[in-house]
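S.K.: Generate a structure from the sequence data that follows.
(one chain, ligands or ions: 1)
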Amino acid sequence: MSQSKYLSNLEPWQDPKAQPYVSIKNITKTFGGRIAVNDVSLSIYRGELFSLLGRSGCGKTTLLRMLAGFETPTSGKIFIDGMDMTDTPAYKRPVSMVFQSYALFPHMTVEQNVAFGLIQEGIPRNEIRDRVNAYLELVQMSGYEQRRPNQLSGGEMQRVALARSLVKHPKLVLLDEPLAALDKKLRERTQLELVNIQEKVGVTFIMVSHDQEEAMTMSSRIGLMNEGRILQVGGPTEIYEYPNSKYVANFIGLVNLFDGIIVEERSDHVIVKSTAMEKNLYVSHSASVPVGAQISVAIRPEKVMLTDIQPKDEYNWTSGVVKDIVYLGDVSIYHVKLRSGTVIFATVANLVRAAERPIQWEDEVFLHWQSENGIILAM
Ligand code: ATP
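M.R.: Next up, the predicted model:
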(Lines give C-alpha, C1' and ligand atoms only; values in the text may rest on other atoms or scores of the structure.)
Protein backbone atom coordinates (compact mmCIF):
# COMPACT_ATOMS: atom_id res chain seq x y z
CA MET A 1 0.00 0.00 0.00
CA SER A 2 1.29 3.40 -0.89
CA GLN A 3 0.67 4.76 2.59
CA SER A 4 3.91 3.00 3.65
CA LYS A 5 5.90 5.89 2.22
CA TYR A 6 4.66 8.03 5.07
CA LEU A 7 5.55 5.59 7.83
CA SER A 8 8.94 7.06 8.67
CA ASN A 9 7.39 10.53 9.15
CA LEU A 10 4.17 11.80 10.54
CA GLU A 11 1.50 11.35 7.89
CA PRO A 12 0.70 14.85 6.59
CA TRP A 13 -2.99 14.66 7.48
CA GLN A 14 -1.99 13.97 11.09
CA ASP A 15 0.48 16.83 11.20
CA PRO A 16 -1.24 20.03 12.34
CA LYS A 17 1.54 22.09 10.69
CA ALA A 18 1.13 20.49 7.23
CA GLN A 19 -0.59 22.63 4.61
CA PRO A 20 -3.06 20.84 2.37
CA TYR A 21 -2.14 20.86 -1.30
CA VAL A 22 -5.72 20.71 -2.48
CA SER A 23 -8.40 22.30 -0.32
CA ILE A 24 -12.02 21.73 -1.19
CA LYS A 25 -14.16 24.02 0.91
CA ASN A 26 -17.91 23.51 1.21
CA ILE A 27 -18.35 22.60 -2.44
CA THR A 28 -21.91 22.06 -3.64
CA LYS A 29 -23.00 21.34 -7.20
CA THR A 30 -26.60 21.19 -8.35
CA PHE A 31 -27.88 20.25 -11.80
CA GLY A 32 -31.35 21.69 -12.47
CA GLY A 33 -32.18 21.73 -8.75
CA ARG A 34 -30.80 18.21 -8.07
CA ILE A 35 -27.84 18.06 -5.73
CA ALA A 36 -24.93 16.06 -7.18
CA VAL A 37 -22.27 17.17 -4.66
CA ASN A 38 -23.44 18.29 -1.24
CA ASP A 39 -21.27 20.58 0.89
CA VAL A 40 -18.04 18.61 0.53
CA SER A 41 -14.89 19.77 2.32
CA LEU A 42 -11.63 17.88 1.89
CA SER A 43 -7.92 18.48 2.44
CA ILE A 44 -5.53 16.50 0.26
CA TYR A 45 -1.78 16.63 0.79
CA ARG A 46 1.19 16.74 -1.58
CA GLY A 47 2.23 13.31 -2.82
CA GLU A 48 -1.01 11.58 -1.83
CA LEU A 49 -2.88 9.09 -3.95
CA PHE A 50 -6.33 9.98 -2.78
CA SER A 51 -9.36 8.01 -3.97
CA LEU A 52 -12.92 9.22 -4.18
CA LEU A 53 -14.87 6.01 -3.77
CA GLY A 54 -18.59 5.38 -4.04
CA ARG A 55 -21.47 3.85 -5.94
CA SER A 56 -22.51 5.05 -9.35
CA GLY A 57 -24.21 8.45 -9.16
CA CYS A 58 -22.76 9.43 -5.74
CA GLY A 59 -21.13 12.56 -7.18
CA LYS A 60 -17.46 11.52 -7.35
CA THR A 61 -16.95 12.32 -11.05
CA THR A 62 -18.69 15.68 -10.64
CA LEU A 63 -16.29 16.52 -7.81
CA LEU A 64 -13.29 15.47 -9.94
CA ARG A 65 -14.56 17.53 -12.88
CA MET A 66 -14.84 20.59 -10.64
CA LEU A 67 -11.20 20.09 -9.60
CA ALA A 68 -10.24 19.89 -13.28
CA GLY A 69 -12.26 23.03 -14.08
CA PHE A 70 -14.74 21.26 -16.40
CA GLU A 71 -17.65 22.09 -14.07
CA THR A 72 -18.22 25.22 -12.00
CA PRO A 73 -19.30 24.73 -8.38
CA THR A 74 -22.71 26.13 -7.44
CA SER A 75 -21.10 27.24 -4.18
CA GLY A 76 -17.86 26.71 -2.28
CA LYS A 77 -14.19 27.13 -3.13
CA ILE A 78 -11.30 25.08 -4.49
CA PHE A 79 -7.68 25.91 -3.63
CA ILE A 80 -4.66 24.24 -5.23
CA ASP A 81 -1.27 24.96 -3.68
CA GLY A 82 -2.80 27.86 -1.77
CA MET A 83 -4.27 29.56 -4.88
CA ASP A 84 -8.01 30.01 -5.30
CA MET A 85 -8.82 28.05 -8.48
CA THR A 86 -12.60 28.21 -8.23
CA ASP A 87 -12.98 30.52 -11.23
CA THR A 88 -9.78 29.56 -13.08
CA PRO A 89 -10.46 27.92 -16.47
CA ALA A 90 -9.36 24.30 -16.94
CA TYR A 91 -6.43 25.11 -19.25
CA LYS A 92 -4.89 27.49 -16.69
CA ARG A 93 -4.95 25.00 -13.80
CA PRO A 94 -1.79 23.03 -12.89
CA VAL A 95 -3.86 19.91 -13.35
CA SER A 96 -3.97 17.05 -15.82
CA MET A 97 -6.78 14.57 -16.23
CA VAL A 98 -6.54 10.93 -17.33
CA PHE A 99 -9.89 9.83 -18.71
CA GLN A 100 -11.50 6.42 -18.43
CA SER A 101 -11.46 6.11 -22.22
CA TYR A 102 -7.80 7.34 -22.29
CA ALA A 103 -8.85 9.81 -25.05
CA LEU A 104 -5.71 9.11 -27.13
CA PHE A 105 -5.66 10.60 -30.64
CA PRO A 106 -6.23 7.56 -32.90
CA HIS A 107 -4.42 8.99 -35.94
CA MET A 108 -1.25 9.81 -34.00
CA THR A 109 1.58 7.52 -32.94
CA VAL A 110 2.36 6.90 -29.27
CA GLU A 111 5.21 9.39 -29.50
CA GLN A 112 3.02 12.06 -31.09
CA ASN A 113 0.29 11.51 -28.52
CA VAL A 114 2.70 12.02 -25.63
CA ALA A 115 4.39 15.01 -27.31
CA PHE A 116 1.12 16.74 -28.22
CA GLY A 117 0.67 18.88 -25.08
CA LEU A 118 4.33 19.94 -25.11
CA ILE A 119 4.15 21.06 -28.76
CA GLN A 120 1.04 23.12 -27.88
CA GLU A 121 3.05 24.81 -25.12
CA GLY A 122 5.81 25.70 -27.63
CA ILE A 123 8.54 23.76 -25.82
CA PRO A 124 11.81 23.34 -27.82
CA ARG A 125 12.07 20.14 -29.93
CA ASN A 126 15.07 18.70 -28.10
CA GLU A 127 13.41 19.04 -24.76
CA ILE A 128 10.21 17.48 -26.09
CA ARG A 129 12.16 14.47 -27.39
CA ASP A 130 13.99 14.00 -24.08
CA ARG A 131 10.84 14.34 -21.99
CA VAL A 132 8.77 12.01 -24.20
CA ASN A 133 11.53 9.38 -24.05
CA ALA A 134 11.87 9.72 -20.29
CA TYR A 135 8.15 9.33 -19.62
CA LEU A 136 7.70 6.45 -22.07
CA GLU A 137 10.51 4.72 -20.24
CA LEU A 138 8.87 5.47 -16.89
CA VAL A 139 5.63 3.79 -17.97
CA GLN A 140 7.62 0.97 -19.64
CA MET A 141 6.50 1.85 -23.16
CA SER A 142 9.92 2.47 -24.75
CA GLY A 143 9.98 0.72 -28.13
CA TYR A 144 6.30 1.46 -28.81
CA GLU A 145 6.91 5.03 -30.05
CA GLN A 146 5.74 4.45 -33.64
CA ARG A 147 2.61 2.40 -32.85
CA ARG A 148 -0.89 3.84 -33.08
CA PRO A 149 -3.48 3.39 -30.30
CA ASN A 150 -5.32 0.65 -32.25
CA GLN A 151 -2.11 -1.40 -32.16
CA LEU A 152 -1.98 -1.32 -28.34
CA SER A 153 -3.65 -3.35 -25.60
CA GLY A 154 -5.89 -1.65 -23.02
CA GLY A 155 -3.12 -1.66 -20.41
CA GLU A 156 -0.63 -0.17 -22.90
CA MET A 157 -3.08 2.59 -23.87
CA GLN A 158 -3.59 3.36 -20.20
CA ARG A 159 0.18 3.74 -19.72
CA VAL A 160 0.48 6.02 -22.76
CA ALA A 161 -2.38 8.16 -21.44
CA LEU A 162 -0.55 8.41 -18.13
CA ALA A 163 2.74 9.35 -19.83
CA ARG A 164 0.89 12.01 -21.86
CA SER A 165 -0.46 13.42 -18.64
CA LEU A 166 2.78 13.31 -16.61
CA VAL A 167 5.04 14.65 -19.37
CA LYS A 168 3.52 18.11 -18.88
CA HIS A 169 4.75 18.11 -15.25
CA PRO A 170 1.35 18.78 -13.72
CA LYS A 171 1.16 19.39 -9.99
CA LEU A 172 -1.99 17.37 -9.73
CA VAL A 173 -3.17 14.39 -11.78
CA LEU A 174 -6.86 13.52 -11.79
CA LEU A 175 -7.78 9.99 -12.82
CA ASP A 176 -11.34 9.05 -13.70
CA GLU A 177 -11.64 5.27 -13.18
CA PRO A 178 -8.28 4.84 -14.93
CA LEU A 179 -8.31 1.05 -14.91
CA ALA A 180 -11.99 0.38 -15.57
CA ALA A 181 -11.42 -0.87 -19.12
CA LEU A 182 -8.88 -3.53 -18.11
CA ASP A 183 -9.61 -7.15 -17.23
CA LYS A 184 -9.19 -8.24 -13.60
CA LYS A 185 -5.65 -9.67 -13.79
CA LEU A 186 -4.26 -6.79 -15.80
CA ARG A 187 -6.07 -4.31 -13.59
CA GLU A 188 -4.43 -5.75 -10.48
CA ARG A 189 -0.97 -5.57 -12.05
CA THR A 190 -1.54 -2.06 -13.40
CA GLN A 191 -2.75 -0.86 -9.98
CA LEU A 192 0.67 -1.61 -8.53
CA GLU A 193 2.47 -0.11 -11.52
CA LEU A 194 0.45 3.07 -11.20
CA VAL A 195 1.30 3.35 -7.50
CA ASN A 196 5.02 2.81 -8.29
CA ILE A 197 4.97 5.48 -10.99
CA GLN A 198 3.11 7.90 -8.72
CA GLU A 199 5.66 7.35 -5.96
CA LYS A 200 8.57 7.84 -8.39
CA VAL A 201 7.30 11.15 -9.76
CA GLY A 202 5.91 12.29 -6.40
CA VAL A 203 2.93 14.02 -8.02
CA THR A 204 -0.37 14.25 -6.18
CA PHE A 205 -3.01 11.92 -7.64
CA ILE A 206 -6.75 12.10 -7.06
CA MET A 207 -8.57 9.10 -8.45
CA VAL A 208 -12.23 8.23 -8.83
CA SER A 209 -13.19 4.61 -8.34
CA HIS A 210 -16.25 2.53 -7.59
CA ASP A 211 -14.07 -0.50 -6.90
CA GLN A 212 -13.30 -0.78 -3.20
CA GLU A 213 -10.49 -3.30 -3.64
CA GLU A 214 -8.79 -1.00 -6.12
CA ALA A 215 -9.07 1.98 -3.78
CA MET A 216 -7.82 -0.12 -0.85
CA THR A 217 -4.77 -1.36 -2.80
CA MET A 218 -3.72 1.96 -4.24
CA SER A 219 -4.67 4.80 -1.95
CA SER A 220 -2.92 6.75 0.77
CA ARG A 221 -6.44 7.72 1.85
CA ILE A 222 -9.97 7.16 0.66
CA GLY A 223 -12.93 9.55 0.74
CA LEU A 224 -16.05 7.41 0.73
CA MET A 225 -19.03 9.19 -0.86
CA ASN A 226 -22.75 8.59 -0.85
CA GLU A 227 -25.49 10.83 -2.26
CA GLY A 228 -23.14 13.74 -2.83
CA ARG A 229 -21.62 13.69 0.64
CA ILE A 230 -18.33 12.43 2.05
CA LEU A 231 -19.17 9.88 4.74
CA GLN A 232 -15.66 9.05 5.92
CA VAL A 233 -12.08 9.93 5.06
CA GLY A 234 -9.28 7.63 6.15
CA GLY A 235 -6.47 5.30 5.17
CA PRO A 236 -7.51 1.90 3.80
CA THR A 237 -6.89 0.15 7.13
CA GLU A 238 -8.75 2.80 9.10
CA ILE A 239 -11.80 2.67 6.83
CA TYR A 240 -11.83 -1.13 6.92
CA GLU A 241 -11.12 -1.62 10.61
CA TYR A 242 -12.95 1.43 11.96
CA PRO A 243 -15.87 2.28 9.68
CA ASN A 244 -17.90 5.15 11.10
CA SER A 245 -21.32 3.96 9.90
CA LYS A 246 -23.22 0.91 8.72
CA TYR A 247 -23.07 2.24 5.18
CA VAL A 248 -19.25 2.41 5.20
CA ALA A 249 -18.92 -1.00 6.90
CA ASN A 250 -21.14 -2.56 4.25
CA PHE A 251 -19.51 -0.78 1.32
CA ILE A 252 -15.96 -1.84 2.18
CA GLY A 253 -15.75 -5.62 2.16
CA LEU A 254 -18.08 -8.15 3.73
CA VAL A 255 -19.37 -7.51 7.25
CA ASN A 256 -21.66 -9.10 9.84
CA LEU A 257 -23.97 -6.60 11.52
CA PHE A 258 -25.82 -7.35 14.76
CA ASP A 259 -28.50 -4.77 15.53
CA GLY A 260 -29.12 -4.46 19.25
CA ILE A 261 -29.33 -2.26 22.32
CA ILE A 262 -26.64 -1.29 24.81
CA VAL A 263 -27.29 -2.96 28.17
CA GLU A 264 -24.04 -1.95 29.89
CA GLU A 265 -21.71 0.92 29.16
CA ARG A 266 -18.29 1.38 30.80
CA SER A 267 -15.14 3.32 29.92
CA ASP A 268 -13.45 0.19 28.53
CA HIS A 269 -16.33 -1.90 27.20
CA VAL A 270 -19.99 -2.12 26.28
CA ILE A 271 -22.37 -5.06 26.40
CA VAL A 272 -24.99 -5.34 23.69
CA LYS A 273 -28.13 -7.46 23.55
CA SER A 274 -29.13 -8.50 20.07
CA THR A 275 -32.19 -10.50 19.10
CA ALA A 276 -30.04 -12.18 16.43
CA MET A 277 -28.23 -14.36 19.01
CA GLU A 278 -28.76 -15.91 22.45
CA LYS A 279 -25.53 -14.64 24.05
CA ASN A 280 -24.82 -10.97 24.55
CA LEU A 281 -22.03 -9.24 22.65
CA TYR A 282 -19.09 -7.82 24.60
CA VAL A 283 -17.15 -5.11 22.79
CA SER A 284 -13.92 -4.04 24.45
CA HIS A 285 -13.95 -0.38 23.58
CA SER A 286 -16.04 2.49 24.83
CA ALA A 287 -18.93 3.91 22.86
CA SER A 288 -20.27 7.32 23.64
CA VAL A 289 -23.84 6.08 23.58
CA PRO A 290 -25.98 5.48 26.66
CA VAL A 291 -27.55 2.28 27.95
CA GLY A 292 -30.74 1.61 26.00
CA ALA A 293 -29.39 3.13 22.76
CA GLN A 294 -30.05 1.23 19.53
CA ILE A 295 -26.77 0.43 17.81
CA SER A 296 -25.24 -2.12 15.52
CA VAL A 297 -22.14 -4.25 16.19
CA ALA A 298 -20.01 -4.93 13.12
CA ILE A 299 -17.72 -7.96 12.94
CA ARG A 300 -15.66 -8.78 9.87
CA PRO A 301 -15.97 -12.40 8.61
CA GLU A 302 -12.24 -13.08 8.95
CA LYS A 303 -12.53 -12.29 12.68
CA VAL A 304 -15.24 -14.93 13.17
CA MET A 305 -13.91 -18.34 14.20
CA LEU A 306 -15.77 -21.51 13.36
CA THR A 307 -15.66 -24.62 15.55
CA ASP A 308 -17.66 -27.76 16.31
CA ILE A 309 -16.88 -27.45 20.03
CA GLN A 310 -19.14 -25.28 22.17
CA PRO A 311 -17.19 -22.26 23.57
CA LYS A 312 -17.26 -21.80 27.35
CA ASP A 313 -17.24 -17.98 27.23
CA GLU A 314 -20.07 -15.87 28.57
CA TYR A 315 -20.16 -13.59 25.54
CA ASN A 316 -19.51 -13.38 21.82
CA TRP A 317 -20.54 -16.77 20.61
CA THR A 318 -23.56 -18.29 18.96
CA SER A 319 -24.51 -21.40 17.04
CA GLY A 320 -26.06 -22.17 13.69
CA VAL A 321 -26.16 -24.44 10.68
CA VAL A 322 -23.82 -24.20 7.66
CA LYS A 323 -26.01 -23.31 4.69
CA ASP A 324 -23.41 -22.43 2.10
CA ILE A 325 -19.66 -22.66 1.59
CA VAL A 326 -18.28 -20.29 -1.02
CA TYR A 327 -14.92 -21.61 -2.17
CA LEU A 328 -12.51 -18.86 -3.26
CA GLY A 329 -9.32 -20.93 -3.53
CA ASP A 330 -7.23 -19.51 -0.70
CA VAL A 331 -10.20 -19.05 1.63
CA SER A 332 -13.79 -20.24 1.91
CA ILE A 333 -16.66 -18.12 3.17
CA TYR A 334 -19.05 -20.11 5.36
CA HIS A 335 -22.66 -18.88 5.50
CA VAL A 336 -24.07 -19.94 8.84
CA LYS A 337 -27.77 -19.53 9.60
CA LEU A 338 -28.51 -18.77 13.25
CA ARG A 339 -31.72 -19.85 14.99
CA SER A 340 -32.97 -16.26 14.67
CA GLY A 341 -32.70 -16.56 10.89
CA THR A 342 -29.72 -14.19 10.68
CA VAL A 343 -26.96 -15.41 8.34
CA ILE A 344 -23.39 -14.88 9.54
CA PHE A 345 -20.34 -15.00 7.30
CA ALA A 346 -17.10 -16.56 8.50
CA THR A 347 -13.96 -16.56 6.35
CA VAL A 348 -11.77 -19.60 6.89
CA ALA A 349 -8.30 -20.12 5.37
CA ASN A 350 -8.18 -23.31 3.30
CA LEU A 351 -5.27 -24.94 5.08
CA VAL A 352 -6.36 -28.42 4.02
CA ARG A 353 -8.11 -29.71 0.87
CA ALA A 354 -11.89 -29.39 0.59
CA ALA A 355 -12.62 -33.08 1.21
CA GLU A 356 -10.56 -33.11 4.43
CA ARG A 357 -12.30 -30.14 6.02
CA PRO A 358 -13.98 -30.99 9.34
CA ILE A 359 -16.96 -28.68 8.88
CA GLN A 360 -19.31 -29.33 5.97
CA TRP A 361 -22.77 -28.30 4.70
CA GLU A 362 -25.68 -28.66 7.14
CA ASP A 363 -23.29 -29.17 10.08
CA GLU A 364 -24.25 -27.59 13.39
CA VAL A 365 -21.39 -25.20 14.28
CA PHE A 366 -20.37 -22.59 16.81
CA LEU A 367 -19.18 -19.12 15.89
CA HIS A 368 -17.09 -16.98 18.21
CA TRP A 369 -14.85 -13.92 18.13
CA GLN A 370 -12.57 -11.80 20.31
CA SER A 371 -14.16 -8.88 22.12
CA GLU A 372 -11.73 -6.38 20.55
CA ASN A 373 -13.00 -7.27 17.07
CA GLY A 374 -16.49 -5.81 17.46
CA ILE A 375 -17.15 -2.25 16.30
CA ILE A 376 -20.08 -0.25 17.65
CA LEU A 377 -21.86 1.66 14.88
CA ALA A 378 -24.70 4.14 15.17
CA MET A 379 -27.89 2.95 13.49
P1 ATP B 1 -20.49 7.04 -11.99
O2 ATP B 1 -19.63 6.11 -11.19
O3 ATP B 1 -21.68 6.37 -12.56
O4 ATP B 1 -19.72 7.88 -12.96
P5 ATP B 1 -20.54 9.26 -10.13
O6 ATP B 1 -20.47 8.92 -8.69
O7 ATP B 1 -19.29 9.70 -10.75
O8 ATP B 1 -21.17 8.06 -10.92
P9 ATP B 1 -21.63 11.74 -11.05
O10 ATP B 1 -21.30 11.49 -12.48
O11 ATP B 1 -20.81 12.71 -10.34
O12 ATP B 1 -21.67 10.37 -10.26
O13 ATP B 1 -23.16 12.15 -10.96
C14 ATP B 1 -23.80 12.55 -9.76
C15 ATP B 1 -25.23 12.91 -10.06
O16 ATP B 1 -25.29 14.10 -10.85
C17 ATP B 1 -25.98 11.84 -10.84
O18 ATP B 1 -27.30 11.78 -10.36
C19 ATP B 1 -25.95 12.35 -12.27
O20 ATP B 1 -27.08 11.91 -12.98
C21 ATP B 1 -25.97 13.86 -12.07
N22 ATP B 1 -25.25 14.56 -13.15
C23 ATP B 1 -23.95 14.45 -13.45
N24 ATP B 1 -23.61 15.26 -14.47
C25 ATP B 1 -24.76 15.90 -14.83
C26 ATP B 1 -25.08 16.88 -15.83
N27 ATP B 1 -24.15 17.37 -16.66
N28 ATP B 1 -26.37 17.28 -15.91
C29 ATP B 1 -27.29 16.80 -15.07
N30 ATP B 1 -27.07 15.91 -14.10
C31 ATP B 1 -25.81 15.44 -13.98
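S.K.: Show me the shaky parts of the stretch 251-379 of the chain.
M.R.: 354-355 (pLDDT under 70).
S.K.: and the residue of it nearest the ligand?
M.R.: F251 (12.8 Å; C-beta to the nearest ligand atom). Backbone N, C-alpha and C define where each C-beta goes, glycine included.
S.K.: That residue against L224, yeah?
M.R.: Yes - F251 lies in contact with L224 (C-beta atoms under 8 Å); the separation is 6.3 Å.
S.K.: Determine the residues that are contacts of both of these two.
M.R.: Overlap of the contact sets of F251 and L224 (by C-beta atoms under 8 Å, 6 or more residues apart in numbering) consists of 53-54.
S.K.: Comparing the two, which residue is more hemmed in?
M.R.: L224 (26 against 21; other C-beta atoms under 10 Å).
S.K.: and V321, which of the three is it?
M.R.: strand (DSSP: H, G, I helix; E, B strand; the rest coil).
S.K.: List the contacts of the closest residue to L53 other than its chain neighbours.
M.R.: Leaving aside its sequence neighbours, L53 sits nearest to A215 (C-beta to C-beta, 6 or more residues apart in numbering; 4.5 Å). Residues counted as contacts of A215 (C-beta under 8 Å, 6+ apart) are 51, 53, 207, 209, 222, 236.
S.K.: Among these, which are located in helices?
M.R.: P236 (DSSP state H).
S.K.: In JSON lines, list the contacts of A215 along with neighbour count and distance to V331.
M.R.: Putting the contacts of A215 into JSON lines (neighbours: other C-beta atoms under 10 Å; distance: C-beta to C-beta, whole Å) gives the following:
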{"residue": "S51", "neighbour count": "27", "distance to V331": "25"}
{"residue": "L53", "neighbour count": "28", "distance to V331": "23"}
{"residue": "M207", "neighbour count": "26", "distance to V331": "28"}
{"residue": "S209", "neighbour count": "24", "distance to V331": "24"}
{"residue": "I222", "neighbour count": "28", "distance to V331": "23"}
{"residue": "P236", "neighbour count": "22", "distance to V331": "19"}
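S.K.: Out of the contacts of A215, which two sit at the greatest distance?
M.R.: M207 and P236 (13.1 Å; C-beta to C-beta).
S.K.: so what sits against both of these two?
M.R.: Common neighbours of M207 and P236, using C-beta under 8 Å, 6+ apart, are 215, 219.
S.K.: Give the helix, strand or coil label for S43.
M.R.: Relying on three-state DSSP, one would call S43 strand.
S.K.: just checking, it touches K25?
M.R.: No - checked against C-beta under 8 Å, the pair S43 and K25 is beyond contact range at 9.2 Å.
S.K.: List the buried residues in the host helix or strand of the residue nearest to L53.
M.R.: Using DSSP states H and E, A215 sits within helix 212-218. Neighbour-count burial for helix 212-218, counted by 16 or more other C-beta atoms under 10 Å, picks out 212, 214-218.
S.K.: likewise stretch 137-153?
M.R.: Neighbour-count burial for stretch 137-153, counted by 16+ other C-beta under 10 Å, picks out 138-139, 141, 144-145, 149, 152.
S.K.: Just those residues: which are in strands?
M.R.: In strands, judged by DSSP state E, none of the buried residues of stretch 137-153 are found.
S.K.: between the residues you listed, which is nearest I333?
M.R.: Nearest to I333 among these is V139, at 37.0 Å by C-beta to C-beta.
S.K.: still on that earlier bit, intersection of neighbour lists for S43 and K25?
M.R.: The contact sets of S43 and K25 do not overlap (C-beta under 8 Å, 6+ apart).
S.K.: returning to that earlier point: max pairwise distance over the buried residues of helix 212-218: which two?
M.R.: So, these by C-beta to C-beta: farthest apart are Q212 and M218, at 11.1 Å.
S.K.: Report the spatially closest residue to E265, excluding sequence-adjacent ones.
M.R.: In this structure, E265 finds its nearest non-sequential neighbour in V291, 5.3 Å apart by C-beta to C-beta, 6+ apart.
S.K.: May I ask you to name the longest helix in this protein?
M.R.: In the chain, with assignment by DSSP H, the single longest helix is helix 184-201.
S.K.: Now tell me what touches that helix from outside.
M.R.: With contacts defined as C-beta under 8 Å, 6+ apart, helix 184-201 is touched by 2, 5, 49, 138-140, 153-155, 158-159, 162, 166, 173, 178-179, 182, 205, 214, 217-218.
S.K.: just to revisit the earlier point, between the buried residues of stretch 137-153, which is closest to L367?
M.R.: Ranked by distance to L367 (C-beta to C-beta), the buried residues of stretch 137-153 are led by V139 at 47.4 Å.
S.K.: L162 is in contact with the closest one, correct?
M.R.: Yes - the pair formed by V139 and L162 meets the contact definition of C-beta under 8 Å, at 5.6 Å.
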